[in-house]
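# model the following, please.
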Amino acid sequence: MNKECASALLKQAQAQKQPLLTGLFEILSINSERGEAEAGAPYGPGPRKALEETMKLAESLGFSTETVLDQVGIAKYEPEGTEGKPYIGVVGHLDVVCAEGEWTTPPYEPAIRDNRIYARGALDNKGPVLACLYALKAVRDSGMKLNRPVWIIFGTSEETGMEDIPAYLTVKEPPVAGFTPDCKYPVVYAERGRSVYELTFADEAQAAAWCEVHPDEASLKLDIRDPEFGILQLRNRKQNGNTVTFAASYPPATDAERILAILEESLPEGAGTALVSDWKPVFFRKDGPLCASLQWAYETVTGLDGTPVTTTGGTYAKRMPNIVPFGPSFPGQKGIAHLPDEWMDVDDLMKNLEIYTLAIADLATREL
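Residues are numbered from 1 along each chain as shown. Next up is the predicted model:
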C-alpha cells in the first residue's frame, strides 16, 4: 500500500474517535459475565445482551449482521464484487471476567479519568474489538476498493472455555486470514500449546509426597527447551485430596502425549494420570503475508520495530484457523486486564483504531 492510501485511511480512522467512544461506552455498560444458560442465551443473559446490542450498533453503522447459534455475532462488509469470496476475519469477544475486588467507580459504569477508560472489558476485549468495528467503518468510508469481504466476529465465551468458536465453525468456514485483538503487539506469529493433566494417587499422603519430590519442571525431567519459545512451564498446580492437577505451557518442540508419558514415569505404583485437555501450539511464518501485513500496519502507525514475537498466552487463535494475535497492548504493558479498575488509555485505543484500519485494508487487498 502506498503512502497516499495509508494517509487517507488514517484520516478516516481519526474521524472515528468520538463515535468509537460513544459506542464503546454503550457496550461497556452491559454486565456480560457468564451466567446460567437460558433459551437463546447459552452463556447467560449478560453475554447475550452484549451481543444483541453490538449487532444493533453495527447495523446503525451501516453493516449487515448475522448471529450464529446464539453464540457469535458477525458485522459484515462485503463490497460489490467480493460477495461469496473467502473473507478476512477479525475475531474478538464481548464476554468478560467477573468484576471482583474493590473498584474506584462501578465496573459497569464506564468513566474516563486521567485519559483512561475505566470499566470491566475496557481492555479485555470490548475496547479493542469495537476499535476494529470502527476501523472497518473507516475503511468503508475511505472508498478504497477491496478484493475480499471483511467480517468482524464477536464471540461470547472466550473467558470461559472458547466453546463459541468451535460452534461457529460447524456452520461457517474459517477466514482466509485475520487476527484477534486480544493479546499484545507486535504481531504474534506463534503461541505455545497448553495442556492440563490430572494425577490420581492412592491417598492424600502419597499425593503430597509426590508434590514434595517433584516441585518443578527439572525434577520431572521436563526441562524441554525451544530456541524461540524458551523452556516448558508448569502452572496452576493444585492438590485436592488424592488428586493433583496442573497445566503445561509447552513449545512446539514437544507435545501433550510426550509430556503425559514423562509424567507416567514419575508416578508411584498404583497412581495414574490423565490428559484433561490440550490446545495445540499456533505457528505462522514470520515472513509470510499475514505477519508481513500486520507488521507493516504496526510500524507505519507507531514507528516502532514490529518484528513478530511469540507468546505463552492463549487466544482465539487456538480455536479459529488462519488468524494470529495482534494487539492491543503495547510493549511494556501487561497485567491489568482481569484486575479491579481495568483500564485502557484513550490515546492507546485511538492508536489501535489506526493500526487496525491499516491492517484490515491491507489484508483485504494484498496477495495472501
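# dump the residue contacts of the spatially most central residue of the chain.
Closest residue to the average C-alpha location of the chain: residue 182 at 3.4 Å, with Cα atoms, centre = their mean. By Cβ atoms under 8 Å, 6 or more residues apart in numbering, the contact set of residue 182 is 92-93, 124-125, 128-129, 158, 315-316, 325, 328. The way it works is simple: take the backbone N, C-alpha and C, and place the C-beta from them, glycine included.
# redo these as TSV? Include neighbour count, distance to residue 298 and pLDDT.
TSV is the format used below for the contacts of residue 182 (neighbours: other Cβ atoms under 10 Å; distance: Cβ to Cβ, whole Å; pLDDT from 0 to 100):
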residue	neighbour count	distance to residue 298	pLDDT
92	26	17	99
93	30	22	99
124	24	20	97
125	28	18	97
128	29	14	99
129	27	17	99
158	26	23	98
315	27	17	95
316	25	19	97
325	28	12	98
328	29	11	98
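# and residue 245, what helix or strand is that in?
strand 243-250 (DSSP states H and E).
# check which residues of that strand are buried.
244-250 (16 or more other Cβ atoms under 10 Å).
# sorry, back to before: now do the residue nearest to the centre of the chain against residue 54, distance only.
Residue 182 is 16 Å from residue 54, where distance means Cβ to Cβ, to the nearest Å.
# buried ones in the helix or strand just after the strand holding residue 245, by neighbour count?
Note on strand 243-250: by DSSP H and E, the next helix or strand toward the C-terminus is helix 256-266. For helix 256-266, the neighbour count (16+ other Cβ under 10 Å) marks 256, 259-260, 263, 266 as buried.
# the helices in the stretch 101-250 of the chain, which residues?
All helices of the stretch 101-250 of the chain, identified by DSSP state H, counting those that start in this stretch, fall at 126-142, 164-168, 204-213.
# between these, which gets nearest to residue 61?
helix 126-142 (5.3 Å; Cβ to Cβ).
# show me how far that closest one is from its chain's centre.
17 Å (Cα atoms, centre = their mean, to the nearest Å).
# distance to residue 173 added to the contacts of residue 182, as CSV?
Compiled in CSV, those are given as follows (distance: Cβ to Cβ, whole Å):
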residue, distance to residue 173
92, 19
93, 20
124, 27
125, 23
128, 24
129, 21
158, 20
315, 20
316, 16
325, 21
328, 26
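# among those residues, which are located in strands?
Of those, the ones assigned to strands by DSSP state E are 92-93, 325, 328.
# quick check, nearest of those to residue 302?
Nearest member of the ones in strands among the contacts of residue 182 to residue 302, counting by Cβ to Cβ, is residue 328, at 12.4 Å.
# how many neighbours does residue 304 have?
Residues within reach of residue 304, counting by other Cβ atoms under 10 Å, total 12.
# can you list phi and psi of the residue nearest to residue 191 when sequence neighbours are not counted for me?
Residue nearest to residue 191 in three dimensions, not counting chain neighbours: residue 282, with 4.1 Å by Cβ to Cβ, 6 or more residues apart in numbering. When quoted as degrees, to the nearest 10, the phi and psi of residue 282 stand at phi -110, psi 130.
# now do the contacts for residue 282.
190-191, 317-318, 324.
# show the buried residues in those.
Here, 16+ other Cβ under 10 Å leaves 190-191, 317-318, 324 buried among the contacts of residue 282.
# which residues touch residue 256?
With Cβ under 8 Å, 6+ apart, residue 256 has these contacts: 193, 195, 248, 250, 275, 278.
# let me fix that, I meant to ask about residue 142.
Contacts of residue 142 (Cβ under 8 Å, 6+ apart): 8-9, 12, 361.
# pLDDT at it, what is it?
Residue 142 carries a pLDDT value of 97.
# if we ignore the residues flanking it in sequence, what's nearest it?
residue 12 (4.7 Å).
# for the one you found, what are its contacts?
138-139, 141-142, 357.
# quick one: it is in a strand?
No - per DSSP: H, G, I helix; E, B strand; the rest coil, residue 12 lies outside any strand segment and is helix.
# may I have stretch 303-310 exported as PDB, CA atoms only?
Output of stretch 303-310 as PDB, limited to C-alpha atoms (Å, rounded to 0.1, in the frame of the first residue of the first chain):
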ATOM      1  CA  GLY A 303       7.300   3.900  14.100                       C
ATOM      2  CA  LEU A 304       8.400   1.100  16.300                       C
ATOM      3  CA  ASP A 305      10.100  -2.200  15.400                       C
ATOM      4  CA  GLY A 306       7.400  -4.600  14.500                       C
ATOM      5  CA  THR A 307       9.400  -7.900  14.300                       C
ATOM      6  CA  PRO A 308       6.900 -10.700  15.000                       C
ATOM      7  CA  VAL A 309       7.100 -12.300  18.500                       C
ATOM      8  CA  THR A 310       5.800 -15.300  20.400                       C
END
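# list the buried residues in that stretch.
So stretch 303-310, judged by 16+ other Cβ under 10 Å, has buried residues 306, 308-310.
# just among the contacts of residue 12, which is most surrounded?
Highest neighbour count within these: residue 357, with 29 neighbours (other Cβ under 10 Å).
# okay, buried residues for the helix or strand hosting that residue please.
The secondary structure element spanning residue 357 is helix 346-363 (assigned by DSSP H and E). By neighbour count, with 16+ other Cβ under 10 Å as the criterion, the buried positions of helix 346-363 are 346, 348-363.
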